[in-house]
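> Take a look and give me a structure for this.
(2 chains)
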Number of protein chains: 2
Amino acid sequence: MLILKTLIVVSHPEINASQTQQFLMQGAKLQDVTWHHVEDLKEIDVDKEQALLMDADRIIFQFPLYWYAAPAGLKNWEDKVLTRNFIYGDGDDNLGDKEFGIVVNTGMPAKDFQRGGSENITIDEIMAPYHAIADRAKMQILPTFVISQFQYLDDQKQMQTLIDYQRYLTQVYPDTLANRQAWFEREFTDRLKYFSGTSCTECETVLNTFIQRREDVDQLKSTISLIKQGEEE
Amino acid sequence: MLILKTLIVVSHPEINASQTQQFLMQGAKLQDVTWHHVEDLKEIDVDKEQALLMDADRIIFQFPLYWYAAPAGLKNWEDKVLTRNFIYGDGDDNLGDKEFGIVVNTGMPAKDFQRGGSENITIDEIMAPYHAIADRAKMQILPTFVISQFQYLDDQKQMQTLIDYQRYLTQVYPDTLANRQAWFEREFTDRLKYFSGTSCTECETVLNTFIQRREDVDQLKSTISLIKQGEEE
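Numbering: from 1, shown residues only, chains lettered A, B, ... in the order given. As a prediction, the model looks like this:
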């Protein structure tokens, strides 16, 4: 199975005070995921940063929305690390086979970000400068992952956000049912391992049932496909 | 005559090394124009910066384009100075009667900034986050003043750019013939004063001819208008 290496370039000037970022940081503690907080860097070592980018399969910019853009810390990092030659100069294609995503959290509700809404601009319009960089680097752009008013979500919705965030970090793109199922199976199997000392028969039953059901669905799909073929002939 | 007070919020991390910014700085030495370089500020005094903004009639953000946005220095200034309450909170309307413009210089030719061009994004799309701020503050947005590849312009085109820039800073909006004429008359009269010690008969002749011609055109326009009225009745 394909295992992605994901780099999260996080920008927040006061990250310890941010409930949302602390929550996401817990969620990002996954295999093959690197949490990289730019405001924590004492100085920016361009070669080291570029090597980090080169080493990843999926690059995520993650930040709170401040005046329709990332905080100044990310722009400072961009201005230093993303040299023209590294991104597209001299026919280089350093990031060309990678995926690019954005995780943004906003203090305003999602409905504000549309024409006629109180922000009167869409999230895609706001993210255009970042996508222009990704385009220049010939990266594959993922749909932006928006977290609106995280602090107002109830516990269940916060947990749902966390799972969706984890899928955004590591699930194979595009977000089809098959990719979701494969992700869930792998993650659940991985997490079961932590119970190795104690027994979790219930967990194993849940996982086995899930796998059985998925196989049933696959079987049904293939049957339907055969019937359709028969009708068309 | 209406005299505008213009504040130019300039951002460039190495402004002394920038031929374009040095040239513009000379052009900005006009009455009622304040050049305010954010990277030169030792610390950002929010109250003082907000007072500067309140005192201006026209606010210009001026910067070179780095990765489809202003340099990090301007974002840092924005994140600190533009508090939510100052821009739109609590029904405040501190900047509501002011004009907002952007002066941006690019290393790429203008034709690159369109769909299908090598940048594949327009200048307006790039500036959308700044315009969203201006919209939130209920400011009047001026068309962006773009300077492309300044260093490749010949002397005459550089001078033309300088005059257009000066008009952008201080001419009454919108950019009609009448407003251009009024601006030129005022500026030429002002500049003649510097010759007070010596005599510049030629300059005075040019100015008087210009004024005479402008009055002739005004007279002709009013005659045409009368004839049209006659035809319509």
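> hang on, A:Glu185 packs against A:Gln212?
No: assessed by CB atoms under 8 Å, A:Glu185 is found out of contact with A:Gln212, at 11.4 Å. Where you see a C-beta, it was placed from the backbone N, CA and C, and this is true even at glycine.
> the more surrounded of these two?
For A:Glu185 versus A:Gln212, neighbours defined as other CB atoms under 10 Å in any protein chain shown are more numerous around A:Glu185 (15 against 10).
> quick one: A:Gln229 from A:Ala178, how far?
Remark: distance between A:Gln229 and A:Ala178 (CB to CB, to the nearest Å) = 20 Å.
> what about these two, which has more around it?
Counted by other CB under 10 Å, A:Gln229 and A:Ala178 do not tie: A:Ala178 has more neighbours, with 13 against 9.
> From chain B, how far off is that one?
32 Å (CB to the nearest CB, to the nearest Å).
> Please give the element, helix or strand, for that residue.
Following DSSP states H and E, one finds A:Ala178 within helix A:177-192.
> Check which helices and strands the next helix or strand after that helix is in contact with.
Sequence order places helix A:201-232 as the next helix or strand after helix A:177-192, per DSSP H and E. In terms of contacts (3 or more CB pairs under 8 Å, 6 or more residues apart in numbering or on different chains; DSSP states H and E), helix A:201-232 is packed against helix A:177-192.
> And the helix it packs on, what does it pack against?
Using 3+ CB pairs under 8 Å, 6+ apart as the contact test, the elements touching helix A:177-192 are helix A:155-170, helix A:201-232.
> So which residues on chain A come close to chain B?
For chain A, the residues in contact with chain B (CB under 8 Å from any CB of the partner chain) are A:13, A:66-73, A:75-76, A:78-79, A:82, A:119-121, A:125-126, A:128-130, A:132-133, A:135-136.
> Tell me the buried residues within those.
With neighbours counted using 16 or more other CB atoms under 10 Å in any protein chain shown, the residues of chain A next to chain B contain these buried positions: A:13, A:66-73, A:75-76, A:78-79, A:82, A:119, A:121, A:125-126, A:128-130, A:132-133, A:135-136.
> quick one, phi psi at A:Arg58?
Main-chain torsions, A:Arg58, degrees, to the nearest 10: phi -130, psi 130.
> where does chain A have low pLDDT?
Along chain A, the parts satisfying pLDDT under 70 run over A:1-2, A:91-92, A:195-199.
> same thing but at 90, please
Scanning chain A for pLDDT under 90 picks out A:1-3, A:31, A:89-93, A:97, A:177, A:186-219, A:221, A:229-233.
> how's it carved up into domains?
Segmentation of chain A into domains, based on automatic domain parsing, reads A:6-174, A:176-233.
> Please identify the deepest-packed of the ones you listed.
domain A:6-174 (a mean of 17; mean count of other CB atoms under 10 Å in any protein chain shown).
> Figure out how far it is from the centre of its chain.
Domain A:6-174 sits 8 Å away from the centroid of its parent chain (CA atoms, centre = their mean, to the nearest Å).
> now do the same end-to-end measure for it.
Distance across domain A:6-174, first residue to last, is 16 Å (CA to CA, to the nearest Å).
> And the spatially closest residue to A:Gln149 that is not a sequence neighbour, how far from A:Phe150?
In this structure, A:Gln149 finds its nearest non-sequential neighbour in A:Pro109, 5.9 Å apart by CB to CB, 6 or more residues apart in numbering or on different chains. Remark: distance between A:Pro109 and A:Phe150 (CB to CB) = 11 Å.
> A:Ala132 belongs to a helix?
Yes: secondary structure of A:Ala132 (DSSP: H, G, I helix; E, B strand; the rest coil): part of a helix.
> Other residues contacting stretch A:167-178?
Outside of stretch A:167-178, the residues within contact range by CB atoms under 8 Å, 6 or more residues apart in numbering or on different chains are A:2, A:4, A:6, A:8, A:27-28, A:30, A:32-33, A:58, A:60, A:99, A:101, A:103, A:140, A:142, A:145, A:179-180, A:182-183.
> Stretch A:200-217 now?
Contacts for stretch A:200-217 (CB under 8 Å, 6+ apart): A:Gln181, A:Phe184, A:Glu185, A:Phe188, A:Thr189, A:Leu192, A:Phe195.
> Swap in 7 Å and give it another go.
Contacts to stretch A:200-217, defined as CB atoms under 7 Å, 6 or more residues apart in numbering or on different chains, come from residues A:Gln181, A:Glu185, A:Phe188, A:Thr189, A:Leu192, A:Phe195.
> What of stretch A:150-166?
Applying CB under 7 Å, 6+ apart, the contact partners of stretch A:150-166 are A:Gln19, A:Thr20, A:Phe23, A:Leu24, A:Gly27, A:Leu30, A:Val103, A:Asn105, A:Phe145, A:Ile147.
> how near is the nearest residue to the fifth one once chain neighbours are set aside to A:Phe23?
It refers to A:Gly27. Excluding the flanking residues, the one nearest A:Gly27 by CB to CB, 6+ apart is A:Leu162, at 4.5 Å. Using CB to CB, A:Leu162 is found at 7 Å from A:Phe23.
> picking up where we left off before, switch the domains of chain A over to JSON lines; also include distance to B:Leu220.
Formatted as JSON lines, the domains of chain A follow (distance: least, CB to CB, whole Å):
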{"stretch": "domain A:6-174", "distance to B:Leu220": "44"}
{"stretch": "domain A:176-233", "distance to B:Leu220": "70"}
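> Out of the ones you listed, the one nearest B:Asp40 is which?
Of all the domains of chain A, domain A:6-174 sits nearest to B:Asp40, with 16.3 Å by CB to CB.
> How about A:Glu125, nearest residue that isn't a chain neighbour?
B:Ala128 is the one closest to A:Glu125 (CB to CB, 6+ apart), at 5.1 Å.
> Can you tell me the element the one you found falls in?
B:Ala128 belongs to helix B:123-136, assigned by DSSP H and E.
> quick one: that helix to helix A:123-136, angle?
150 degrees (axes from the mean of the first three to the mean of the last three CA atoms, to 10 degrees).
> The next helix or strand after helix B:123-136 pairs with which strands?
Moving toward the C-terminus from helix B:123-136, the next helix or strand (DSSP H and E) is strand B:140-141. Strand B:140-141 pairs in its sheet with strand B:99-106 (parallel), by DSSP bridges.
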